[in-house]
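Asker: Just the structure for this:
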Amino acid sequence: MEQKEIKKIEKIAKKNGIHHIDGTSILIINHDKIRYNFKRFTSHLPRVQPYYAVKANSLPEIVKTIYDLGGSFDVASYQEFLLINRLIKNLPLEERQNFIWEKIIYAHPIKNEGTLNKLNRYKPLIVYDNEIELKKIKKYAPNAGLILRIWSPNTGSVVELSNKFGAEKSEAVNLIAKAIDSGLTVEGLSFHVGSQCLNSVNYTTSLENAYNIFEEADSRSYKIGHLGHGDRKRILDIGGGFPVRYNGKEKRFKKITELLNNSFDRLFSEKEFEIIAEPGRFMVANSATLVAKIIGKATRRGKTIYYINDGVYHTFSGQLFDHINYTLKSFKKGPQEISTIFGQTCDGFDVQSQATLLPDLDLGDLVYAESMGAYTNASSTYFNGFPPAKIIHINQ
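Answerer: This next block holds a predicted model:
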């Protein structure tokens, strides 16, 4: 961040009570950055409609900003579905149904029976990846349109998903055939290269696999996307995984999009295919800055230790669940030394960093961490009774 923006962040944190005796940490979300990220995504991938992965950060204010931009949504639970449904509750019935069909995908491949039963009335687009799930869908949500999720290599991705989801290439067409033969509609294919994907080969391999599966299905007369819903094109869902530059070493988004666009033009004609994606981290990671306060200080074995009013059970939960290392910085200037940063809970596991360069800080001094918008407050808890960070929205 530029110095001007750093000063602004500090001022907002102070204005919103971070120095109060019982003050929590403060997470400041800049909606202008979300808008910039959305426009950047659509400009570099003009054929791809972004379905924001709500799980990355489900704050209603963020969802509303993306809705206003014309975004679509990837949901993974009935509660996330309802969050989007509330945005469109005042639309006429036909428009509301069209929005659900055209702008929401229930991308979690495994759903319980109750969820499917509740979703069925909305005729949603949902994902499956195995025969047992297909039988559940047939019983509880026969009105749904189906997307088959296929296995994708996740080599080099920070968070692997291929160990949990995805039909093997060899079984894919049989799963499509079973769905169509049972009277269900298969609208397309999806894959996911893993979260924070740093290996573009994952994408190229997955696109080739998807193309071959579409071709094999055609050769066996199983017409994906040609049934049920008017003139809708076949859907190719390329998932998420678009990398965010946390430390400046990650592969540049532009390089990945050049590769993707070339593959789209070569394999998937615009006349026949609709391409969608599920960016979550990409849309919101850099939109949020966390400001925390030094609440304790000690020297142990010659090393300075600081305690802050946040930690891995709160906004820094992304260090555990998302495997991201966030760099803590100080508003205060001065000679730096290697310090340890602990969170506010009594658990020794609650360590933000064992080696952060910081100047000599006092109780009440403020520190901050950038790019804290994805998989952070989303997985924050009330462990030890400590409340999560206070959320402040700017530029809404």
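Asker: what lines up beside the helix or strand hosting residue 127 in the sheet?
Answerer: Secondary structure from DSSP states H and E places residue 127 in strand 125-128. Paired neighbours of strand 125-128 in the sheet (DSSP bridges): strand 104-106 (parallel), strand 145-149 (parallel).
Asker: Show residues contacting the shortest one.
Answerer: Put plainly, it is strand 104-106. 51, 72-76, 81, 84, 119, 124-127, 147, 237, 276, 278 (Cβ atoms under 8 Å, 6 or more residues apart in numbering). C-beta here means a position set from N, CA and C on the backbone, and glycine is covered the same way.
Asker: quick one: average confidence on it?
Answerer: Averaged across strand 104-106, the pLDDT comes to 96.
Asker: Counting by contacts, list what the first helix or strand past it going along the chain packs against.
Answerer: Proceeding C-terminally, strand 104-106 gives way to helix 113-119 as the next helix or strand, assigned by DSSP H and E. In terms of contacts (3 or more Cβ pairs under 8 Å, 6 or more residues apart in numbering; DSSP states H and E), helix 113-119 is packed against helix 78-87, helix 131-140.
Asker: Any buried residues in the first one, and which?
Answerer: Under the neighbour-count criterion of 16 or more other Cβ atoms under 10 Å, helix 78-87 has 78, 80-81, 83-85, 87 buried.
Asker: then it to CSV, C-alphas only?
Answerer: As requested, the backbone C-alpha atoms of helix 78-87 are provided in CSV (Å, rounded to 0.1, in the frame of the first residue of the first chain):
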residue,chain,number,x,y,z
TYR,A,78,-28.5,-23.8,1.4
GLN,A,79,-27.7,-20.8,3.7
GLU,A,80,-25.4,-19.3,1.0
PHE,A,81,-28.2,-19.9,-1.5
LEU,A,82,-30.6,-18.0,0.7
LEU,A,83,-28.2,-15.1,1.0
ILE,A,84,-28.3,-14.6,-2.8
ASN,A,85,-32.0,-15.4,-2.9
ARG,A,86,-32.8,-12.5,-0.5
LEU,A,87,-31.2,-10.1,-3.0
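Asker: Let me know the pLDDT of residue 195.
Answerer: Looking at residue 195, its pLDDT is 67.
Asker: Show the residue spans covered by the strands in the stretch 101-250 of the chain.
Answerer: Secondary structure of the stretch 101-250 of the chain (DSSP state E, counting those that start in this stretch): strands at 104-106, 125-128, 145-149, 157-159, 185-190, 195-197, 234-237.
Asker: can you list those in a markdown table and add mean neighbour count?
Answerer: Below are these laid out as a markdown table (neighbours: other Cβ atoms under 10 Å):
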| stretch | mean neighbour count |
| --- | --- |
| strand 104-106 | 25 |
| strand 125-128 | 26 |
| strand 145-149 | 25 |
| strand 157-159 | 19 |
| strand 185-190 | 25 |
| strand 195-197 | 25 |
| strand 234-237 | 24 |
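Asker: right, so of these, which gets closest to residue 57?
Answerer: strand 195-197 (13.7 Å; Cβ to Cβ).
Asker: Can you pull out the low-pLDDT segments for the stretch 151-300 of the chain?
Answerer: In the predicted model, the stretch 151-300 of the chain carries pLDDT under 70 at residues 153, 155-161, 163, 195, 197-199, 226-232, 248-251.
Asker: Can you show me the helices along it?
Answerer: Counting by DSSP state H, counting those that start in this stretch, the stretch 151-300 of the chain has helices at residues 169-181, 201-219, 253-267, 281-284.
Asker: got the angle for the first one vs strand 185-190?
Answerer: This points to helix 169-181. For helix 169-181 against strand 185-190, the angle between stretch directions is 160 degrees (axes from the mean of the first three to the mean of the last three Cα atoms, to 10 degrees).
Asker: Can you list the buried residues in helix 169-181?
Answerer: Neighbour counts over helix 169-181 (16+ other Cβ under 10 Å) mark 169, 171-173, 175-176, 178-180 as buried.
Asker: what's the closest of those to residue 64?
Answerer: Looking across the buried residues of helix 169-181 and measuring by Cβ to Cβ, the closest to residue 64 is residue 179, at 34.7 Å.
Asker: nearest spatial neighbour of the closest one, skipping sequence neighbours?
Answerer: With sequence-adjacent residues excluded and distances taken as Cβ to Cβ, 6 or more residues apart in numbering, residue 179 is closest to residue 186, at 5.0 Å.
Asker: who are the neighbours in contact with the most centrally placed residue in the chain?
Answerer: For the chain, the residue nearest the mean C-alpha position is residue 280 (2.7 Å; Cα atoms, centre = their mean). Residue 280 sits next to 52-57, 74, 240, 374 when contact means Cβ under 8 Å, 6+ apart.
Asker: Ok, residue 179 next?
Answerer: Neighbouring residues of residue 179 by Cβ under 8 Å, 6+ apart: 128, 134, 146, 148, 185-186.
Asker: ditto for residue 211
Answerer: Contact analysis of residue 211 by Cβ under 8 Å, 6+ apart lists 267-268.
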